[in-house]
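Student: Task: produce atomic coordinates for the following.
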Amino acid sequence: MILHNEIKKDHQIIKFCFYGFFKNLKFFEPYLIIYLIGLGLSLFQIGILYAIREAATYALEIPSGIFADHYGKKKELLLCFTFYIASFIALFIGQSFILIALGMLLYGLGEAFRSGTHKGMILSYLEQKGWYSEKGFVYARTRSFSLLGSSLSGFLSILFVLNLPSMRWIFLMSTIPYLFDFFLILSYPESLDEATQKHFKFKEFWQTSLKQLKAILKKRRLLGIVISASSYDAIFKTIKDYIQPIMGSLLVASSISIISDFTVDQQLKISLGILYGLFYILSSIVSRNSYRLTKKSSAETVFNKLYELMGVGLLLLGVALRQNMLIASILVFLSLYLMMDARRPIFVDVSSDYMTKEERVTTLSIESQFKSLFMIVFGPVFGFIADTWQISTLFLTLGVMVLVFGALLKRFNSDKVANAE
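Tutor: Below you'll find the predicted structure:
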């Protein structure tokens, strides 16, 4: 399409793409759990750290969305990246649970001030240009750049983790791309700041927040979509890094020597970097083409089917782990990544049809807040189950739960139920 080519060449769209690219250069990501395990932490304690991070996000999620709508999105994003950089420094310095918890807390604050805000800026820009109908295409494109950043991050992390003095230095290296993003946001046009008030009024701030929250919660279909997206993302993001201890266990159990010249520990680090890189390359391709899934079926139908497929995938993963099937486990994990990144752009497309312009950032922030609330619970609970029984038991249990909850959500969102109320 001619319009799609014009969108691809637009300077601000290119900036949106590179924002996501730099944001996802998190060199520590393939090794976070094994790094924390190396410090002597259990999966339950790691779950507590995840809960601390998400609790910070949960506490400020909705207020941050209102802040962005009323007092400026650029200002909020600049504050967000300040929190991120401070978090990486704390994680680099920290060797105790308290300092690591502080780093996770700061990271959670950064997430709260970021989530929903940049998506809102993209939607505003598309409206200014008269391209709002292409929101699905644009979001899929920007997300594909984000995933390319994640992929490159995985491969570069191998070089860092093998050559830096210790694994903790990868946190310090992660500050560099985030400084690039800080200055990139400074270059955004003021028309995207969209500050409607110059002075902060706490009482009015909370009144507006509650008013918009109540309006959104009254929309049954939108609420169901938000719950579906947030629970799906929360489950996936809580378990996605379990591939790290899984790979370690399976490498030992299978006695496979992937690279004979390296120790088992080095093989694990190399394998994880390569896996994360490959996962995100394929996810980038899927994300960029996710809009094609909605050509034969409605976006909402595809959105719901992917929820059910995640449940099936989790069951298969549990079985593969019980049988110590390394390749099968990797392939199922890959399928979960691909489904996640196909579903996310579809969520933006589906939800946008049920909310007003004024509710955009707030709705996306509510979705992210619900996700944080789920993760506050999921992190410690999943860690406890994995520590007490086995990781395979965790995935088998989750598979059943996802299939049941997916069926309940489908009924909640059905036209028959909605019309009856």
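
Student: Going by C-alpha atoms from here, please, whenever you check contacts or count neighbours.
Tutor: Noted.

Student: where are the low-confidence patches of the stretch 301-421 of the chain?
Tutor: By pLDDT under 70, the weakly predicted segments of the stretch 301-421 of the chain are 356-361, 413-421.

Student: where do the helices sit along it?
Tutor: Ranges of helices in the stretch 301-421 of the chain, per DSSP state H, counting those that start in this stretch, are 326-352, 360-388, 391-412, 415-420.

Student: And the ones you listed: which comes nearest Y125?
Tutor: Each of the helices of the stretch 301-421 of the chain has some distance to Y125 by CA to CA; the shortest is helix 360-388, at 12.9 Å.

Student: Relative to the whole chain's centre, how far out is the closest one?
Tutor: Counting by CA atoms, centre = their mean, to the nearest Å, helix 360-388 is centred 11 Å from the centre of its parent chain.

Student: and if you look at stretch 397-409?
Tutor: With CA atoms, centre = their mean, you get 21 Å for stretch 397-409.

Student: circling back to that earlier point, deepest-packed of the helices of the stretch 301-421 of the chain, please.
Tutor: Among the helices of the stretch 301-421 of the chain, helix 360-388 has the highest mean neighbour count (mean count of other CA atoms under 10 Å), at a mean of 23.

Student: name the helices or strands packed onto it?
Tutor: Applying 3 or more CA pairs under 8 Å, 6 or more residues apart in numbering; DSSP states H and E, we find helix 360-388 packed against helix 43-71, helix 117-129, helix 202-217, helix 220-239, helix 391-412.

Student: in terms of contact, does A234 touch G379 like I think?
Tutor: No - using CA atoms under 8 Å, A234 is not in contact with G379, being 9.3 Å away.

Student: Give me the number of neighbouring residues for G38.
Tutor: If you count neighbours by other CA atoms under 10 Å, G38 ends up with 10.

Student: Give me the phi and psi for it.
Tutor: G38 adopts backbone torsions of phi -60, psi -20, taken as degrees, to the nearest 10.

Student: ok, back up a step: looking at the helices and strands packed on helix 360-388, which is buried most?
Tutor: Comparing the helices and strands packed on helix 360-388 by mean neighbour count (mean count of other CA under 10 Å), helix 43-71 ranks first with a mean of 24.

Student: and it, average pLDDT?
Tutor: Summarised as a single mean, pLDDT over helix 43-71 is 81.

Student: helices or strands next to the next helix or strand after that helix in the packing?
Tutor: Counting by DSSP states H and E, the element after helix 43-71 in chain order, helix or strand, is helix 73-93. Applying 3+ CA pairs under 8 Å, 6+ apart, one finds that helix 73-93 makes contact with helix 43-71, helix 97-114, helix 117-129, helix 169-173, helix 175-186.

Student: I274: which of the ones you listed is closest?
Tutor: helix 169-173 (16.2 Å).

Student: quick check: mean pLDDT across the closest one?
Tutor: Averaged across helix 169-173, pLDDT comes to 94.

Student: if we can go back for a sec, possible to save the helices of the stretch 301-421 of the chain as a markdown table with distance to Y188?
Tutor: Shown next, in a markdown table, are the helices of the stretch 301-421 of the chain (distance: least, CA to CA, whole Å):
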| stretch | distance to Y188 |
| --- | --- |
| helix 326-352 | 22 |
| helix 360-388 | 18 |
| helix 391-412 | 39 |
| helix 415-420 | 41 |
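
Student: who wins for proximity to K75 among those helices?
Tutor: Across those, closest to K75 is helix 360-388 (CA to CA), at 14.6 Å.

Student: one step back: want to throw the helices and strands packed on helix 360-388 into a markdown table with distance to V302?
Tutor: Shown next, in a markdown table, are the helices and strands packed on helix 360-388 (distance: least, CA to CA, whole Å):
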| stretch | distance to V302 |
| --- | --- |
| helix 43-71 | 28 |
| helix 117-129 | 21 |
| helix 202-217 | 23 |
| helix 220-239 | 12 |
| helix 391-412 | 12 |
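
Student: These: which one's closest to F333?
Tutor: Of all the helices and strands packed on helix 360-388, helix 220-239 sits nearest to F333, with 9.9 Å by CA to CA.

Student: Output that closest one as PDB - backbone C-alpha positions only.
Tutor: C-alpha atoms of helix 220-239 as PDB (Å, rounded to 0.1, in the frame of the first residue of the first chain):
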ATOM      1  CA  ARG A 220     -18.300  -4.500  30.100                       C
ATOM      2  CA  ARG A 221     -16.700  -5.500  26.800                       C
ATOM      3  CA  LEU A 222     -13.700  -3.200  27.200                       C
ATOM      4  CA  LEU A 223     -13.300  -4.400  30.800                       C
ATOM      5  CA  GLY A 224     -13.300  -8.000  29.600                       C
ATOM      6  CA  ILE A 225     -10.700  -7.300  26.900                       C
ATOM      7  CA  VAL A 226      -8.500  -5.500  29.500                       C
ATOM      8  CA  ILE A 227      -8.700  -8.500  31.900                       C
ATOM      9  CA  SER A 228      -7.900 -10.900  29.100                       C
ATOM     10  CA  ALA A 229      -4.900  -9.000  28.000                       C
ATOM     11  CA  SER A 230      -3.600  -8.300  31.500                       C
ATOM     12  CA  SER A 231      -3.900 -11.800  32.800                       C
ATOM     13  CA  TYR A 232      -2.400 -13.300  29.600                       C
ATOM     14  CA  ASP A 233       0.600 -10.900  29.800                       C
ATOM     15  CA  ALA A 234       1.000 -11.500  33.500                       C
ATOM     16  CA  ILE A 235       1.200 -15.200  33.200                       C
ATOM     17  CA  PHE A 236       3.600 -15.100  30.300                       C
ATOM     18  CA  LYS A 237       5.900 -12.500  31.900                       C
ATOM     19  CA  THR A 238       6.000 -14.300  35.200                       C
ATOM     20  CA  ILE A 239       7.100 -17.600  33.600                       C
END
